[in-house]
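In: here is my input; please provide its structure:
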Amino acid sequence: MKRITAIKQMLPLELIFWLGSLIGILLIDPYGADHFSLCPLDNFGLDWCPGCGLGRSMSLLIKGDLKASWSMHPLAMFAFAVIIYRIIQLIRNIKIRKHYG
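Out: Modelled structure (predicted):
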């Protein structure tokens, strides 16, 4: 428990969130018919949402199915690049602040 607390104090919450989101995207089954949705518009029964399909599209992108990823949501590549860039930026900030290299 002390080790988890030490890691939590060393890593910013935002970095933990983005790493967790990438792990969640890896675990998504994009080919499944039914999926769990956190989208409030989808939960209210609306069919259109500008972000719906983004997570499944990013999962397809990670699995290498570029054509299906693009057809599901064309901004998946951009969103994935932004998340990776932000993770790198947060790790650099930790290294500079803690003098790790």
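
In: just the helices in this structure please.
Out: In the chain, the segments counted as helices under DSSP state H are 2-10, 13-27, 40-43, 54-63, 66-72, 76-98.

In: how far does the fourth one sit from its chain's centre?
Out: Between the mean C-alpha location of helix 54-63 and the chain-wide mean there is a distance of 10 Å, by C-alpha atoms, centre = their mean, to the nearest Å.

In: contacts for that helix?
Out: Residues from elsewhere that reach helix 54-63 (C-beta atoms under 8 Å, 6 or more residues apart in numbering): 24-26, 28-30, 35, 66, 68-70, 72-73, 75-77, 79-80. Heads up, the C-betas are built off the backbone N, CA and C, glycines and all.

In: let's see it at 6 Å
Out: For helix 54-63, contacts defined as C-beta atoms under 6 Å, 6 or more residues apart in numbering pick out 25, 28, 30, 68-69, 72-73, 76, 80.

In: in that helix, what's buried?
Out: 54-61 (16 or more other C-beta atoms under 10 Å).

In: mean confidence for it?
Out: What helix 54-63 shows for mean pLDDT is 89.

In: cool, and the fifth one?
Out: Per-residue confidence for helix 66-72 averages out to 91 on the pLDDT scale.
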